[in-house]
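Visitor: fold the following, please.
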Amino acid sequence: MTDRYLSVDQVAELLGTTARFPRRLIEERRIRYVKVGRHVRIPESAVDEFIQSRTVEPLRRSRTGFRRAA
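Guide: Numbering: from 1, shown residues only. Modelled structure (predicted):
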């Protein structure tokens, strides 16, 4: 158990959002979380997985489309 468990406010700060966004992710079950009594904790690895799964890589265009003007 080397994973850190973060509060909703800590996750919001990490993502640069308000606390409402992580709470919505929890409510919609779009992120893993742990209930400890009445407290909700989100594993740090779950936040990393969420970010990785929504990362959009840039398109690499081939240079064949660009031609020199004569």
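Visitor: pLDDT of stretch 19-28, averaged?
Guide: When pLDDT is averaged along stretch 19-28, the result is 97.
Visitor: now do the buried residues in that stretch.
Guide: 22, 25-26 (16 or more other Cβ atoms under 10 Å). For every residue, glycine as well, the C-beta is placed using N, CA and C.
Visitor: quick one: which of the residues you listed sit in helices?
Guide: Counted as lying in helices by DSSP state H, out of these, are 22, 25-26.
Visitor: about what we covered before: go through the buried residues of stretch 19-28 and say which is closest to Arg60.
Guide: Leu25 (30.8 Å; Cβ to Cβ).
Visitor: pick the one among the ones in helices among the buried residues of stretch 19-28 closest to Ser62.
Guide: Looking across those and measuring by Cβ to Cβ, the closest to Ser62 is Leu25, at 37.3 Å.
Visitor: list the contacts for the spatially closest residue to the closest one that is not a sequence neighbour?
Guide: Once flanking residues are discounted, Leu25 sits nearest to Ile31: 4.3 Å by Cβ to Cβ, 6 or more residues apart in numbering. Contact partners of Ile31, counting by Cβ atoms under 8 Å, 6 or more residues apart in numbering, are 22, 25, 42, 46-47, 50.
Visitor: what's the closest of the ones in helices among the buried residues of stretch 19-28 to Val8?
Guide: Looking across these and measuring by Cβ to Cβ, the closest to Val8 is Pro22, at 4.9 Å.
Visitor: and the pLDDT for the residue lying closest to that closest one once chain neighbours are set aside?
Guide: For Pro22, ignoring the flanking residues on the chain, the nearest one in space by Cβ to Cβ, 6+ apart is Val11 at 4.4 Å. On the pLDDT scale, Val11 is placed at 97.
Visitor: who touches Val11 in this structure?
Guide: 22, 42, 47.
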